[in-house]
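[1] Pasting the sequence and the predicted model now:
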Amino acid sequence: MLERQSVSDQVASYLRGELKRKRWTGHMPGRDILARELGVHGSTVERALQQLEKEGLVKKSGQGKPRLIVASGKRRASATSVCVLLYDAGDQADDYILSLQHHLDAAGHTLTFAPRSMSELKFDPDRIQSMARKQSADAWIVYSGSREILQKFVELPCPVFALFGRMSGLAIAGSGTDILTTLRETVRRLHQQGHRKIVMLTRAQLVESGLGLTERTFVEALEENDIPHGSYNLAGWDNTTHGLRQCLDKLFQVTPPTAILVDDWMIHNAVQNYLLHECGAERRKVCCISMEYHPSFSWYEPPVPHFYWDPDAVVRCAVGWLKKVGRGNNHVIQQKLIKAEFRGSLAG
């Protein structure tokens, strides 16, 4: 009689095969990353990893750290230890970071995360730089860093790559998206459809440190279309759930906007939820646009109005840069921006 394998046994068998094919070297991906990839519960993956530990294929490398692969042999000579600084701790599950981790694992590099995110360090450039100096890494990747934070990393002796963030004008390698032309065109089309109360949600921390290129372009687009603007149009919130609600409450208290641009797809969903549950019929009058793409948008009906670009192209830039660093070229400072396009309808 054939013996039916448990789900954890099947996961262990799959991971065993991937290890044999040397898909990963150095460290295993984290439990949650594997669970998401395989579509199983995290505890199932944990049992499978414990089984591989008993077989001597992997071993623990410390509390909260990814397991070390024993059977993968030595790292390639060009392999690099990369430390990623996240904007927020929750970004570890972001699609860009998951894709980055997959590509770096496949290339034989070791990826770790900084012990604390920018948000956890209150976006203090000096504290962040101090933490970075204490880490042992061949290279850094900073995810959505402000100009002040990226400048602190430019001062470090090891090579640094900006994955999104305010890198313009800095001597730092990076990749991101060029949304400026799309942003101008979107504001123009909104104006043509009769919108005059157009708001861009932005994090207060970014507004306080001075308007970035995106914010300045938005203000210029309002001016080009003869739309009066002020602090109302750049609505800052403090990167907390409560702060977002306070910001939206204030917007809708006196002069409800007719169009809202949001720079983060998750925050876009939160704003849509607010409009649905707090504004009633008024929701139908508000055009909410995500300035960031997410694959889940393809499931929405009607389509979510959003800016689209090839997400993998952004990550490939980081991987290509790291390949050059692994060959000893530590002074690459090329910045490549992937052009965005508008998709969806602007109808409220």
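    It's in. Numbering: from 1, shown residues only.

[2] Next, count neighbours for the closest residue to Gly30 other than its chain neighbours.
    Computed as Cβ to Cβ, 6 or more residues apart in numbering, the closest residue to Gly30 that is not its neighbour in sequence is Pro66, at 5.5 Å. Placement of C-beta: from N, CA and C, glycine included. Residue crowding around Pro66 was assessed by other Cβ atoms under 10 Å; the count is 24.

[3] Would you confirm that Pro66 contacts Trp24?
    No: here Pro66 does not reach Trp24: they are 9.5 Å apart, not a contact under Cβ atoms under 8 Å.

[4] which parts of stretch 187-194 are buried?
    Of the residues in stretch 187-194, 187, 190-191 count as buried by neighbour count, 16 or more other Cβ atoms under 10 Å.

[5] wait, I meant stretch 156-167
    158-167.

[6] Would you mind checking which of these is nearest to His229?
    Proximity of the buried residues of stretch 156-167 to His229 (Cβ to Cβ) peaks at Arg166, which lies at 21.1 Å.

[7] how about that closest one, what does it touch?
    145-147, 150, 212-213 (Cβ atoms under 8 Å, 6 or more residues apart in numbering).

[8] Same question for Phe113.
    Neighbouring residues of Phe113 by Cβ under 8 Å, 6+ apart: 83-86, 92.

[9] neighbour-wise, which of those residues leads?
    Leu85 (26 neighbours).

[10] domains of this structure?
    Following automatic domain parsing, the chain resolves into domains at 1-74, 78-177+310-340, 180-308.

[11] Show the average pLDDT along stretch 31-49.
    For stretch 31-49, mean pLDDT is 89.

[12] Buried residues in it, which are they?
    Applying 16+ other Cβ under 10 Å to stretch 31-49 flags 31, 33-36, 38, 40, 44-45, 47-49 as buried.

[13] Check which helix or strand Ile260 maps to.
    Taking DSSP states H and E as the criterion, Ile260 maps to strand 259-262.

[14] From the contact counts, what lies against that strand?
    With contacts taken as 3 or more Cβ pairs under 8 Å, 6 or more residues apart in numbering; DSSP states H and E, strand 259-262 sits against helix 180-192, strand 198-203, helix 265-278, strand 287-290.

[15] still on that earlier bit, most widely separated two among the contacts of Arg166?
    Among these, Gly145 and Leu213 lie farthest apart (Cβ to Cβ), at 14.3 Å.

[16] More neighbours: which of those two?
    Taking other Cβ under 10 Å, Gly145 and Leu213 do not tie; Gly145 has more neighbours (29 against 13).

[17] Now for the more buried one: which residues touch it?
    Counting by Cβ under 8 Å, 6+ apart, Gly145 touches 85, 87, 118, 153, 162, 165-167.

[18] And it, how far from Asp95?
    19 Å (Cβ to Cβ, to the nearest Å).

[19] that older thread, so which of the buried residues of stretch 187-194 comes closest to Asp310?
    Val187 (23.7 Å).

[20] where's the residue nearest to the closest one when sequence neighbours are not counted, which helix or strand?
    Sequence neighbours aside, Ala221 is the residue nearest to Val187 in space, at 3.8 Å (criterion: Cβ to Cβ, 6+ apart). Per DSSP H and E, Ala221 falls inside helix 213-224.

[21] from the middle of its chain, how far away would that helix be?
    Distance of helix 213-224 from its chain centroid, counting by Cα atoms, centre = their mean, to the nearest Å, is 24 Å.

[22] That one - contacts with which helices or strands?
    Using 3+ Cβ pairs under 8 Å, 6+ apart: helix 213-224 touches helix 180-192, strand 198-203, strand 234-237.

[23] who wins for proximity to Ala114 among these?
    That would be strand 198-203 among the helices and strands packed on helix 213-224, by Cβ to Cβ, at 19.4 Å.

[24] Adjacent strands (with direction) for that closest one?
    With DSSP bridges as the test, strand 198-203 is paired with strand 234-237 (parallel), strand 259-262 (parallel).

[25] which stretches of the stretch 151-300 of the chain have low pLDDT?
    Within the stretch 151-300 of the chain, the set of residues satisfying pLDDT under 70 comprises 204-210, 279-284.

[26] repeat that with 80
    For the stretch 151-300 of the chain, the stretches flagged by pLDDT under 80 are 203-212, 239, 254, 278-285.

[27] Show me the helices in the protein, by range?
    All helices of the chain, identified by DSSP state H, fall at 7-20, 31-38, 42-54, 95-106, 125-133, 147-154, 180-192, 204-208, 213-224, 241-254, 265-278, 311-326.

[28] Tell me which of these sits nearest to Ile289.
    helix 180-192 (6.7 Å).

[29] Which neighbouring elements make contact with the closest one?
    Using 3+ Cβ pairs under 8 Å, 6+ apart, helix 180-192 sits against strand 198-203, helix 213-224, strand 259-262, strand 306-308, strand 341-343.

[30] Test my guess that Pro303 contacts Gly344.
    Yes: assessed by Cβ under 8 Å, Pro303 is found in contact with Gly344 at 4.4 Å.

[31] And those two? Which one has more around it.
    Gly344 (17 against 12).

[32] Around the nearest residue to that one once chain neighbours are set aside, how many other residues sit close by?
    Excluding its sequence neighbours, the residue lying closest to Gly344 (Cβ to Cβ, 6+ apart) is Pro305, at 3.5 Å. Residues lying near Pro305 (other Cβ under 10 Å) number 23.
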